[in-house]
Structure formats: structure tokens, C-alpha cells
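> coords below, sequence missing:
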């Protein structure tokens, strides 16, 4: 059976949302309520990096505050005013602003929508295999597999 032919182009807002709202194990997945990711890169068959159109309802968060060992990340705000939370503190973002997160920096980050309207942004990240992710605020560690999946454990190594 052959793979479906990717589209030539689409309106980004028409991309289907990701099937699973979150890859995090319970109880962390429930904290992602109000976040909707529309995978754009996957739609076109991209394998080296991912691109998501992400929407955060008021009060929603982009992810648990985290830092990747191997994967670079970049965000570009399209609508709304999410707050970027990093080790350096809180920065209110506005449309047209962007931020990047270098792999291995250890600077944990997340977006929080503290406003009363939806925030929309593009997120871009590479797909380096065997990455690891630390979550300084939570009892969680993620280790990437060679096939692109994730294994989540407690910080002491116990599986979820």
C-alpha cells in the first residue's frame, strides 16, 4: 500500500488537529486542556523537523516547562499575547515576536496564556532521535527513542 500524496499547499488553519491532545502520561496530560496543535510539517511528509500551528485558549499552557538536550525549538507568535516562562523569568509576547530555545542550554521554557483571548503561534523543532527532556518543575523525564517515540519516567527512573 502506498503512502498518500501530500498536498501541494493548504491554508494552515484548515490542517487537522493532532489526534492525541498530549503525549504526557497522567496526571500531566490533563494540564494540556485548552491547547490544540495542528501538525503542518507532518502533513507534507517532513521528517527532519516539525512545524505546528498551536492555539492556546485563555488559561492554557503550551507544555510543561521543559528543556531538550538535543532538539532546537523556535516559536513565532501570530495572534494574542502569551507569556513566555523561562529560567530568566516571564516575558509577555505579542504578534510578530519570536523566541528560540537552543538544544542543551538547560533553559527550561513554556508558554502560558494569561490573557483573555486565544493565542496562536507557530512552533518549529527538529526531530533529532534519542533526545532527552528535563522538566524542572515536575517529577518527569522524557527519553526519545530511535523511532521518534518517547519514554516517560519519574526522575528516579520509575516508569509511568
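Looks like it arrived, so ask away. Remember, predicted model here, so these are calculated numbers, not experimental data. Numbering: from 1, shown residues only.
> what pairs with the strand or helix carrying residue 74, and is each one parallel or antiparallel?
When elements are assigned from DSSP states H and E, residue 74 belongs to strand 73-79. Paired neighbours of strand 73-79 in the sheet (DSSP bridges): strand 98-101 (antiparallel), strand 119-126 (antiparallel).
> who's in contact with the next helix or strand after the shortest one?
Which is strand 98-101. Of the helices and strands lying after strand 98-101 in sequence (DSSP H and E), the nearest is strand 109-112. For strand 109-112, the surrounding residues in contact (CB atoms under 8 Å, 6 or more residues apart in numbering) are 56, 60-67, 73, 75, 82-86, 93, 99, 101, 119, 121. Bear in mind the C-beta positions are built from the backbone N, C-alpha and C, glycine included.
> Among these, name the ones in strands.
If you go by DSSP state E, those have 56, 67, 73, 75, 83, 84, 85, 86, 99, 101, 119, 121 in strands.
> Tell me if I'm right that the fifth one and residue 93 touch.
Yes - at 7.1 Å, residue 83 counts as touching residue 93 under the criterion of CB atoms under 8 Å.
> before we move on, back to that, neighbour count, distance to residue 50 and pLDDT added to the ones in strands among the contacts of strand 109-112, as JSON lines?
JSON lines is the format used below for those (neighbours: other CB atoms under 10 Å; distance: CB to CB, whole Å; pLDDT from 0 to 100):
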{"residue": "56", "neighbour count": "23", "distance to residue 50": "18", "pLDDT": "98"}
{"residue": "67", "neighbour count": "22", "distance to residue 50": "17", "pLDDT": "98"}
{"residue": "73", "neighbour count": "19", "distance to residue 50": "10", "pLDDT": "97"}
{"residue": "75", "neighbour count": "23", "distance to residue 50": "12", "pLDDT": "98"}
{"residue": "83", "neighbour count": "17", "distance to residue 50": "23", "pLDDT": "98"}
{"residue": "84", "neighbour count": "20", "distance to residue 50": "19", "pLDDT": "98"}
{"residue": "85", "neighbour count": "19", "distance to residue 50": "22", "pLDDT": "98"}
{"residue": "86", "neighbour count": "16", "distance to residue 50": "21", "pLDDT": "97"}
{"residue": "99", "neighbour count": "16", "distance to residue 50": "17", "pLDDT": "98"}
{"residue": "101", "neighbour count": "19", "distance to residue 50": "14", "pLDDT": "97"}
{"residue": "119", "neighbour count": "27", "distance to residue 50": "19", "pLDDT": "98"}
{"residue": "121", "neighbour count": "23", "distance to residue 50": "14", "pLDDT": "98"}
